[in-house]
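Peer 1: using only what follows, build the 3D model:
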Amino acid sequence: MLNHLPLLRVERGGVHLHTRSVGSGTPLLLLHGHPQSMVMWHKVLPRLAEQHTLVLMDLRGYGDSSRPAADAQHLNHSKREMALDALAVMQAYGFQQFDVLAHDRGARVAHRLALDHAHAVRSLMLLDIAPTLAMYENTTEAFARAYWHWFSLIQPAPMPESLIDNNPARYVRDVMGGRFAGLAPFSPGAMAEYERCALIPGTSTSVCEDYRASAGIDLDYDRIDMASGNRLVQPLRVLWGEQGAVGRCFDVLSLWRDRAVHLSGESLPCGHYLAEEQPEMVAAEALKFFKST
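Peer 2: Residues are numbered from 1 along each chain as shown. Okay, here's the model as predicted:
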């Protein structure tokens, strides 16, 4: 669906990262969520590309990037490793400093990227997440019902992998269609891409390992940061869907205040998939924020 954009394959430690770029201006890295790929940005690309050189990448385990092997500590799918992927991609394009716009799983990668590599990230906008540790520590029944996959995918292999592999396309549609707006916001071309990538061998392993890492090694890193007072020093703007589970179940800004020095944010009239439900609003917010930082 984005095949018209120039392609660059970046390799880091045996992992092939699928990336594309478009536009001109200050560099802006776009990171997607689960169970999607860089295609999720297709509705906001035209406006953002007017002012930014956009770099899109598929996270390891998603889209057309490599599916690393599972490991006992889930290190291969930790957000620290994914953050290093993102840094390598931006350096491959010649950018030592850049801004980040990220959604869902990609926003968790962006959080780690900005903590570990503060010299590289100028500012970041995160869509529809609260800090991972805070979400696990403040889980309610309502959140567990809405984000059931947070708890099912972290179970030991091979049970959750088998459930996905039974019908990967249905898994994608069930996860995405079970949110506030159903499947209506997703164009047929985008859905076809999400389903195609879900059928790539190794996807179910990477998806589950991603979530196992988030409930394990990633939390260990987060607790170290909290204990040491390591906070985001860059300007951070957080947007969330007023009809989404994150906004309904958590005080988003309050939780981010513990993690960031310079914070702003607000809800948008939509559910979880902001860039596809409210692309014009997301583009306008991003252009305004990154211009001001």
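Peer 1: whichever strand or helix holds Leu30 pairs with which strands?
Peer 2: Leu30 belongs to strand 26-31 when elements are defined using DSSP states H and E. Applying DSSP bridges, strand 26-31 is found paired with strand 52-57 (parallel), strand 98-103 (parallel).
Peer 1: so can I have JSON lines of those strands showing mean neighbour count?
Peer 2: Yep, even glycine has a C-beta here, placed from its N, CA and C like the rest. Shown next, in JSON lines, are these (neighbours: other Cβ atoms under 10 Å):
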{"stretch": "strand 52-57", "mean neighbour count": "24"}
{"stretch": "strand 98-103", "mean neighbour count": "26"}
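Peer 1: including distance to Gln73, could those strands go into JSON lines?
Peer 2: Output for the strands paired with strand 26-31, formatted as JSON lines (distance: least, Cβ to Cβ, whole Å):
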{"stretch": "strand 52-57", "distance to Gln73": "24"}
{"stretch": "strand 98-103", "distance to Gln73": "24"}
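Peer 1: as a markdown table, those strands with mean pLDDT would be great.
Peer 2: Shown next, in a markdown table, are those (pLDDT from 0 to 100):
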| stretch | mean pLDDT |
| --- | --- |
| strand 52-57 | 98 |
| strand 98-103 | 98 |
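Peer 1: and the pLDDT for Thr293?
Peer 2: Thr293 carries a pLDDT value of 87.
Peer 1: give me every residue that touches it.
Peer 2: Going by Cβ atoms under 8 Å, 6 or more residues apart in numbering, Thr293 touches Asp99, Arg122, Ser123, Gln234, Pro235.
Peer 1: of the residues you listed, closest to Leu48?
Peer 2: Lowest distance from Leu48 to the contacts of Thr293 (Cβ to Cβ) belongs to Asp99, with 10.6 Å.
Peer 1: can I get the contacts of Thr293 in a markdown table with secondary structure and distance to Val39?
Peer 2: As requested, these are exported to a markdown table (DSSP: H, G, I helix; E, B strand; the rest coil; distance: Cβ to Cβ, whole Å):
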| residue | secondary structure | distance to Val39 |
| --- | --- | --- |
| Asp99 | strand | 21 |
| Arg122 | strand | 25 |
| Ser123 | strand | 24 |
| Gln234 | strand | 27 |
| Pro235 | strand | 28 |
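Peer 1: of those residues - the most surrounded one?
Peer 2: When neighbours are counted by other Cβ atoms under 10 Å, Asp99 leads these with 22 neighbours.
Peer 1: residues contacting that residue?
Peer 2: Taking Cβ under 8 Å, 6+ apart, one finds Thr26, Pro27, Leu28, Leu29, His52, Val121, Arg122, Ser123, Leu124, Met125, Phe290, Thr293 in contact with Asp99.
Peer 1: the second one reaches Val55, doesn't it?
Peer 2: Read it as Pro27. Yes. Using Cβ atoms under 8 Å, Pro27 makes contact with Val55 at a distance of 6.4 Å.
Peer 1: state the mean pLDDT of the strand holding Leu30.
Peer 2: Averaged across strand 26-31, the pLDDT comes to 98.
Peer 1: check the burial of Asp64 by counting its neighbours.
Peer 2: 17.
Peer 1: which SS class is it?
Peer 2: coil (DSSP: H, G, I helix; E, B strand; the rest coil).
Peer 1: quick one: pLDDT of it?
Peer 2: Looking at Asp64, its pLDDT reads 98.
Peer 1: what mean pLDDT does stretch 238-257 get?
Peer 2: Computed over stretch 238-257, the average pLDDT equals 97.
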